[in-house]
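Trainee: Quick check, what structure comes out for this input:
(one chain, ligands or ions: 1)
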Amino acid sequence: MRVTRTDLPVGGVAAAGRVPRRSAARVIALALALLATACARPSPTPTPSPPTPSPSSPSPSSPSPTAAGLRAPADFVVLSDVDPSIHTDIRYATAHNFVGRPIVGYPEPLCLLTRRAAEALHQVQAAALAQGRSLKVYDCYRPQRAVDDFVAWAKLPGEQQMKAEFYPHVAKSKLFDEGYIGAPTAHSRGSTLDLTLVPVPPPTRPAYAPGQRLVSCTAPPGQRFPDNSVDMGTGFDCFDPLAHTADPRITGAARENRLLLERLMATQRFENYPGEWWHFQFTDEPYPTTYFDFPVARSSLR
Ligand SMILES: [Zn+2]
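Mentor: Below you'll find the predicted structure:
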């Protein structure tokens, strides 16, 4: 159900690197034997779900059940069930993202969050609506397998079909080093999200068509992809210094819009990541050390 820091592949690789060669051969032989045993097993049969951890005492590590049994704790919700007025544009369930295809772990275009974060966001939405704006979420809970998909993609230097829009001025090899993509990410803890503001009602815009001509996310509004949001100075997931929330080159209405989003979110204890105007972490998150891996689907919820 969960992936914790201790389960992440980085630690495993580092530990294996310190094993002497002869021991390593034995370890590999043992691992292969275990793997063969595991592969020979019949399909997993449904087993009772493990107890939900108390939000106030997140478990630092717990057994990782098979993929078929991955379910969210009882306090995860679909954001639209808590507040149907918040718009959703879940880019990782579509081809319109920096990879250029739907990301592993997003079978449905849903915003899943912990109930605590969703209810706080509902309060933010009420304040936004009072100012003639609505929230629009691009990404919410992100399973660990999606982060693994990003990591695998990052190792394929030839796969850069979306570079012209999403990272026109940053080398693909630097996306992790410069903090544009995080592994692990707070999104996997279920209380961090990416969002923007849209006018009420939002303007109608043509949908993204795979293969269409790409324009840099740093281009002026009117030239870059016609998102229906207010002008934030760059597009979403624009891996570029211009997307840094306080970049001094962002002035006028775009700067005001960034500050408005930051102010609205801060009232409910959502903290902005200074490297990305769209990324906010709920500081009162119930699972501060737990990285989940259930898919983004209604069937993952209890
Ligand atoms: Zn984010």
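
Trainee: Could you pull up the contacting residues of the closest residue to A243 other than its chain neighbours?
Mentor: Excluding the flanking residues, the one nearest A243 by C-beta to C-beta, 6 or more residues apart in numbering is T234, at 4.7 Å. C-beta coordinates here come from the backbone N, C-alpha and C atoms, glycine included. T234 sits next to 217-218, 224, 240, 242-243, 277 when contact means C-beta atoms under 8 Å, 6 or more residues apart in numbering.

Trainee: what number of residues lie near S173?
Mentor: 11 (other C-beta atoms under 10 Å).

Trainee: surely it meets P157?
Mentor: Yes. Counting by C-beta atoms under 8 Å, S173 does reach P157; the two are 7.1 Å apart.

Trainee: In the protein, which residue sits nearest the ion?
Mentor: H279 (3.6 Å; C-beta to the ion).

Trainee: Dig out what that residue forms beta bridges with.
Mentor: D194 (DSSP bridges).

Trainee: per-residue confidence for it?
Mentor: pLDDT for H279: 97.

Trainee: what do you get for A72?
Mentor: Looking at A72, its pLDDT reads 97.

Trainee: Could I get the contacting residues of it?
Mentor: Counted by C-beta under 8 Å, 6+ apart, A72 has contacts 1, 112, 190, 292, 294, 300-302.

Trainee: With secondary structure, distance to N272 and pLDDT as added columns, please give those in TSV.
Mentor: Output for those, formatted as TSV (DSSP: H, G, I helix; E, B strand; the rest coil; distance: C-beta to C-beta, whole Å; pLDDT from 0 to 100):
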residue	secondary structure	distance to N272	pLDDT
M1	coil	29	41
L112	strand	21	98
G190	coil	18	98
F292	strand	23	97
F294	coil	27	97
S300	helix	28	97
L301	coil	28	97
R302	coil	31	88
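
Trainee: Sort out which of those are buried, if you could.
Mentor: Buried subset of those (neighbour count, 16 or more other C-beta atoms under 10 Å): 1, 112, 190, 292, 294, 300-301.

Trainee: Now the two most distant members of those.
Mentor: The distance between the two most remote of those (C-beta to C-beta) is 13.8 Å, for M1 and L112.

Trainee: Show me where the stretch 201-302 of the chain has its strands.
Mentor: Using DSSP state E, counting those that start in this stretch, the strands found in the stretch 201-302 of the chain span residues 270-272, 279-282, 291-292.

Trainee: Neighbouring strands of the last one in the sheet, and parallel or not?
Mentor: I take that to be strand 291-292. strand 2-3 (antiparallel).

Trainee: Quick one: mean pLDDT for the strand it pairs with?
Mentor: 40.

Trainee: And for R269, the neighbour number?
Mentor: 14.

Trainee: residues near P220, how many?
Mentor: 11.

Trainee: Please name the residues that touch the residue of the chain closest to the ion.
Mentor: 192-194, 272-273.

Trainee: at 7 Å what do you get?
Mentor: Residues counted as contacts of H279 (C-beta atoms under 7 Å, 6 or more residues apart in numbering) are 194, 272-273.

Trainee: looking at these, which has the most residues close by?
Mentor: Going by other C-beta under 10 Å, D194 tops the contacts of H279 with 24 neighbours.

Trainee: gap between that one and F280?
Mentor: From D194 across to F280, the span is 8 Å (C-beta to C-beta, to the nearest Å).

Trainee: picking up where we left off before, quick one: buried ones out of the contacts of T234?
Mentor: Using 16+ other C-beta under 10 Å, the buried ones in the contacts of T234 are 217-218, 224, 240, 242-243, 277.

Trainee: Can you pick out the most distant pair from these?
Mentor: Across the buried ones among the contacts of T234, the longest distance by C-beta to C-beta is 14.4 Å; it joins R224 and W277.
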